[in-house]
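[1] curious how this folds, go ahead:
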Amino acid sequence: MGTKILTGNNMEKLREIESESIDCVVSSPPYFGLRDYGTGTWEGGDSNCPHKRLTKISKDTATGHAGMYEQGHVVGDAIYKQICPECGAKRVDDQFGLEETLEEYIEKTVLLFEELRRVLKPQGTVWWNLGDSYASKSSAWGGRGKNSILNKTGLEDKQRRNTIVPEGLKAKDLMMIPARVAIALSENGWYLRSEIIWHKPNPMPESVKDRPTSSHEKIYLFSKNKKYYYDADAIREKAKTKPTVRNKSAEGYQADYPNGKRFSEGERTYGNGYANKRNVWTVTTKPFKGAHFAVFPTDLIEPCIKAGCPELVCNECGSPQVKEFSRDKSTLPVKRNKRDGDGDRAIGGVYQKWMEENPPQITIKPSCNCNKGFKSGTVLDPFGGSGTTGFVANNLGRDAILIELNEEYVEIAKKRIGGDNPLFSEVEDG
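    As a prediction, this is how the structure comes out:
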């Protein structure tokens, strides 16, 4: 398996990818107005102007504007998106996430998904990670303390913060960006199959006193069609309660539920102590030295690829290999359940014991009749960043295609994927 990295604008590079050749998309696009990844250039104006609001005082604050500026990044209200109000320079940039309005950001996402629809196979899925932010309106002078990065530049008095609340929102509103994007894509024909909560046990601290600190993001599962590839078995998890046969009468169910005498769909399927994966995933954020600030955790990507991308697909038609589950029912007890004196269904201990002693047999077989051999499934990330999606995909035996605009991140991804997996990964430039 290997990873191919395409450098440039993702809309343009997606057009170079063959139609219906991608099995699964896993990505975390730049969030709206959150961060400048340094891909823009400026025309006109003052060449000495930073074209950014540097509102934090300390150069040593890694999470502040000044500290991030030192490392080539700018956040939030420090970003000038199109015109620098200080010197009049015009920004030239293909970067995603620095649109002037929220509506433009959503529209750009919908257009990108049109290209993803074209390159995805009919059974393909998209796993899309999005974070939210708050509307704000402010007009205040930036810091000019003794450690200000603007000192002795002649620009000390030019850094004025002035952000505008998106139309239809109020200052301090949670903008609900993930939900707005998901609804727009659903209205555009995508099947919105799941809203996954990424719970962060170690969230970034926030200096807020009038609301809880944010400690989660959303991952949306979209499918191109009503029926699609999804391997629930690959990501099932240990059941927290021992699976039992549920009492189906209304009164009996109410009595059984508090005692844990029920089972989920996943437990019903497997009957061996495993349950269908829930839609709240607890994954800690982990830094990656040398990469940018928003590194995708590998533990977050792994279940997306395991469930959404087949390990092997047909060389001829691209259809995936699938799993078939079966049990030898010749030893199945004749009477699965009994009725007690009140007519309620009793717990079927005999049947449950048989389920535990006879786990399902898994057969992997092709879903087509081509007989042309198989190759690895392919994962696409149109915002490749430091290459985490490719790194995880290769580790799981899948191929990957990454698209990245920032050439510095492309080099990071090459070293990360090829350096950490020299025997298993081949990195190719596109």
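[2] so which residues of the stretch 101-250 of the chain form helices?
    Here the stretch 101-250 of the chain has its helices, by DSSP state H, counting those that start in this stretch, at 102-119, 177-187, 250-256.
[3] which parts of the first one are buried?
    Of the residues in helix 102-119, those with enough neighbours to count as buried (16 or more other C-beta atoms under 10 Å) are 102, 105, 106, 108, 109, 112, 113, 115, 116, 117, 118, 119. To be clear about C-beta, it is placed using only N, CA and C from the backbone, and glycine gets the same treatment.
[4] redo the helices of the stretch 101-250 of the chain as CSV? Include mean pLDDT.
    Shown next, in CSV, are those (pLDDT from 0 to 100):
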stretch, mean pLDDT
helix 102-119, 96
helix 177-187, 97
helix 250-256, 51
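[5] walk me through the domains of this protein.
    As assigned by automatic domain parsing, the chain contains the domains 41-92+135-172, 239-276+322-362.
[6] ends of the longest one, what's the gap?
    Using C-alpha to C-alpha, to the nearest Å, one end of domain 41-92+135-172 lies 31 Å from the other.
[7] and for the shortest one?
    This stretch, domain 239-276+322-362, spans 20 Å end to end (C-alpha to C-alpha).
[8] counting contacts, what elements does whichever strand or helix holds residue 414 pack onto?
    In this structure, residue 414 sits in helix 407-420 according to DSSP states H and E. Applying 3 or more C-beta pairs under 8 Å, 6 or more residues apart in numbering; DSSP states H and E, we find helix 407-420 packed against strand 3-7, helix 388-395, strand 399-404, strand 427-429.
[9] then it to CSV, C-alphas only?
    Coordinates of the C-alpha atoms in helix 407-420 are reproduced here as CSV (Å, rounded to 0.1, in the frame of the first residue of the first chain):
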residue,chain,number,x,y,z
GLU,A,407,4.1,22.9,0.6
GLU,A,408,5.6,22.9,4.0
TYR,A,409,3.0,20.5,5.3
VAL,A,410,3.5,18.3,2.2
GLU,A,411,7.1,17.8,3.3
ILE,A,412,6.1,17.1,6.8
ALA,A,413,3.6,14.5,5.6
LYS,A,414,6.2,12.8,3.3
LYS,A,415,8.7,12.5,6.2
ARG,A,416,6.0,11.3,8.6
ILE,A,417,4.5,8.6,6.4
GLY,A,418,7.6,7.4,4.7
GLY,A,419,9.9,7.8,7.7
ASP,A,420,7.6,6.0,10.2
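[10] look up how far residue 171 lies from residue 165.
    Separation of residue 165 from residue 171 (C-beta to C-beta, to the nearest Å): 5 Å.
[11] neighbour count: the two, which is higher?
    residue 165 (16 against 12; other C-beta atoms under 10 Å).
[12] got the buried residues for stretch 179-187?
    Counting neighbours by 16+ other C-beta under 10 Å, the buried set in stretch 179-187 is 180, 181, 182, 184, 185.
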